[in-house]
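fold the following and give me the result.
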Amino acid sequence: MAANDIAHLQAVLARVFEFSPADLAANRMGMISDAQKARMTHTYDANCRMAWVIFALIFGLGFLGFSADMIRNENLGVDTVLIYFGVTACWGLIVWAFILYHGHQLQRTLRQGNVQPVAGQIQLWTERSEGMRSRYFCVGGYKFRMDNYTDFSALQKSGIAGRAAILYVSYPNRSLLSVLLQA
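Numbers count the residues shown, from 1 in each chain. Below you'll find the model as predicted:
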């Protein structure tokens with residue numbers, strides 16, 4: 001394989017998985033770069049905000065429907081409102097517990113900065129179940145779901161499947177940090 005082919009494929013991987021040559025160099029030395037730490041923190045913060053927005057929308061709309069049903073049935077009892085708020089509080093605690101758990105995992109990852117190299121061949125595949133399609137990027141038993149179809153398609157079109165690579169994964173939260181193609 002020509003060196004410019006590897007360089008082109010490496011550039012496709014860097015664009016799809018958002019890592020720079022400096023990030024890859026830090027990962028090869030067993031460290032997470034500062035830019036990767038910032039991206040991981042930003043992603044965590046965005047996911048937390050989204051979880052709370054979805055929670056607020058679901059239970060806000062539920063409260064509106066619940067209130068409309070109470071008014072329609074002329075059942076304005078305090079006990080049913082307390083039950084609704086109790087259920088909402090329980091679900092809120094569950095969301096909060098998940099956020100805390102993932103935040104703790106992220107903090108451990110950022111503090112320890114462990115990077116695990118995984119060697120193997122790149123595999124790309126699509127799973128279909130119950131009307132849903134999930135696309136995966138896999139190296140050496142580690143698989144990562146790809147939500148962006150354009151990125152998955154770019155990897156398929158590049159012909160990268162089957163190539164030998166080293167995948168750098170953060171630990172303990174197991175995020176894909178970077179990928180290095182082997183000659």
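
just the strands from this protein, written as ranges.
Listed in chain order, the strands of the chain (DSSP state E) span 114-129, 132-139, 142-146, 164-171, 176-181.

would you list the ones you listed in CSV and tack on distance to residue 107, mean neighbour count and mean pLDDT?
Placement of C-beta: from N, CA and C, glycine included. Below are the strands of the chain laid out as CSV (distance: least, Cβ to Cβ, whole Å; neighbours: other Cβ atoms under 10 Å; pLDDT from 0 to 100):
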stretch, distance to residue 107, mean neighbour count, mean pLDDT
strand 114-129, 13, 14, 92
strand 132-139, 26, 16, 92
strand 142-146, 21, 15, 92
strand 164-171, 12, 20, 93
strand 176-181, 17, 22, 94
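
of the ones you listed, which is nearest residue 12?
Closest approach to residue 12 among those (Cβ to Cβ): strand 176-181, 9.7 Å.

which strands or helices does that closest one pack on?
helix 3-17, helix 21-28, strand 164-171 (3 or more Cβ pairs under 8 Å, 6 or more residues apart in numbering; DSSP states H and E).

please enumerate residues in contact with that strand?
6, 9-10, 13-14, 17, 19, 23-24, 27-28, 32, 36, 115, 122, 137, 139, 142, 144, 160, 163-170 (Cβ atoms under 8 Å, 6 or more residues apart in numbering).

try 6 Å
Contact partners of strand 176-181, identified using Cβ atoms under 6 Å, 6 or more residues apart in numbering, comprise 6, 9-10, 13, 17, 19, 23-24, 27, 36, 144, 163, 165-168, 170.

give me the mean pLDDT for stretch 53-69.
For stretch 53-69, the mean per-residue pLDDT is 82.
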